[in-house]
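Enquirer: coordinates only, sequence not included:
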């Protein structure tokens, strides 16, 4: 593989600008800039404080829960825990207890920690220390003193995000509460899912730049600056992408995947995913799937590339038309996003219109946010293009983010009618009226010359 040389100006800026600290009033220093490690906690904590102060009270009242308790231990953290605590917290310490008590619109939500280690500025300490038995007694006293009507805890049969209270801690909590309070304990699953899926104005200020970072890696990787036909392998490109992110401290949440399609490689109506690993040749169709985490927000991106044959100056027209069909499928899907519709309803509408237009497509779109496969409505699954219970029934809400993910299959005349699979995925926001791509979408092929 050739030594990398960055040609695209956007990528050069994104991957060489290490901002010491953001400008006043901004979460990032400039579009595409990457904050250094020391500067990142401030950006994260500003977004967290805004969520706790403004979003959480609304969601607690929407969910009908006036007290929410999050309890976890080191090595067995609740999935929601790290979305509730400030940087630079990496894990629960011993047994960590967070208590949220809604005192009404005027007084707001009281935030307490019944734990050995305080989190000043975010939670008020409600315990001065002692052994674990005393900690549980103090938690029970805190609850009893506030006398909540509905006590939400993180237990759920259906949502992994909302099932973070371990069996052992659940037993200890029930033992600590008296009979009256135990009767008021309910699942907080609706509150947890809403907390996880809802994006705020501050988060949406930063999200486009985060997605642009992820897309920029594909622009560079799918170029002659990285790929030498006949030499470079798909694994070379995948590890190149991973290393670029690692150099800037941008964690990936799954291993980047790169594959090739060409005449003679199987791709028919029964093939779920077309594409194989190997050495990249001229005339190959390339595909990659990448996802990063930055400022606690995740991206998920799939794009397509083409390696020009000798004598070619542009991508064959049939492949250009295939990508356009993929874009049309995206438009059909995103036009089906209507506030209040379920994921299952959006999928059904997308499939109906695609079939009417003779587009062979598969839709498997998922929410984005604190996780790559995040909380919210499931809109199809790659192995299930029908009804998905529970998660598929979840309703679409404004200011939620999604990976617009799926594929189309198109016959290519130059390949003797063999199918090419256009696999696309772009990070987007639903603002309540329309879907907005956070950093654009692919409408032209990446070209290796």
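Expert: It's in. What you see is a predicted model, and the numbers here were worked out from it, not measured in a lab. Numbers count the residues shown, from 1 in each chain.

Enquirer: Mind telling me what element residue 426 is part of?
Expert: If you go by DSSP states H and E, residue 426 is part of strand 419-430.

Enquirer: gap between the helix or strand just after that strand and the chain center?
Expert: Next helix or strand after strand 419-430 toward the C-terminus (DSSP H and E): strand 435-437. Centre-to-centre, strand 435-437 and its host chain are 15 Å apart (Cα atoms, centre = their mean, to the nearest Å).

Enquirer: if we look at whichever helix or strand comes after strand 435-437, which residues are touching it?
Expert: Note on strand 435-437: by DSSP H and E, the next helix or strand toward the C-terminus is strand 446-448. For strand 446-448, the surrounding residues in contact (Cβ atoms under 8 Å, 6 or more residues apart in numbering) are 218-219, 222-224, 227, 229, 280, 286, 303-308, 314-315. Placement of C-beta: from N, CA and C, glycine included.

Enquirer: what lines up beside strand 446-448 in the sheet?
Expert: If you go by DSSP bridges, strand 446-448 pairs up with strand 301-307 (parallel).

Enquirer: quick one: the strand it pairs with to strand 419-430, angle?
Expert: Taking axes from the mean of the first three to the mean of the last three Cα atoms, to 10 degrees, one finds strand 301-307 and strand 419-430 inclined to each other by 140 degrees.

Enquirer: Check the offset of strand 301-307 from the chain's centre.
Expert: Using Cα atoms, centre = their mean, the offset of strand 301-307 from its chain centre is 20 Å.

Enquirer: Beyond it, next helix or strand please.
Expert: helix 317-335.

Enquirer: what helices or strands is the helix or strand following that next one leaning on?
Expert: Once the chain leaves helix 317-335, the next helix or strand it forms, by DSSP H and E, is helix 343-356. Counting contacts by 3 or more Cβ pairs under 8 Å, 6 or more residues apart in numbering; DSSP states H and E, helix 343-356 is packed against helix 317-335, strand 360-363.

Enquirer: and among those, the most buried is which?
Expert: Among these, ranked by average contacts under mean count of other Cβ atoms under 10 Å, first place goes to strand 360-363 (a mean of 21).

Enquirer: Name every strand pairing with the helix or strand just after that one and say which way it goes.
Expert: Following strand 360-363 in sequence order, the next helix or strand is strand 366-368 (DSSP H and E). Under the criterion DSSP bridges, strand 366-368 sits next to strand 400-411 (antiparallel) in its sheet.

Enquirer: rewinding a little: just the buried subset of the contacts of strand 446-448, written out for ChimeraX, thanks.
Expert: Buried members of the contacts of strand 446-448, defined by 16 or more other Cβ atoms under 10 Å, are picked up in ChimeraX with:
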select :218,219,222,223,224,227,229,280,286,303,304,305,306,307,308,315
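
Enquirer: nearest residue to residue 47 other than its sequence neighbours?
Expert: Among residues not flanking residue 47 along the chain, residue 202 sits closest, at 4.8 Å (Cβ to Cβ, 6 or more residues apart in numbering).

Enquirer: roughly how far apart are the one you found and residue 237?
Expert: 35 Å (Cβ to Cβ, to the nearest Å).

Enquirer: Name the residue in those two with the higher neighbour count.
Expert: A count of neighbours by other Cβ atoms under 10 Å puts residue 237 above the other of residue 202 and residue 237, at 25 against 17.

Enquirer: Would you verify that that one is located in a helix?
Expert: Yes - counting by DSSP: H, G, I helix; E, B strand; the rest coil, residue 237 is found in a helix.

Enquirer: So, low pLDDT: which residues of this structure?
Expert: Applying pLDDT under 70 to the chain flags residues 1-32.

Enquirer: What ranges does it have for its helices?
Expert: Assigned by DSSP state H, the helices in the chain fall at 9-16, 40-50, 56-63, 132-146, 167-176, 179-182, 189-197, 201-221, 234-247, 317-335, 343-356.
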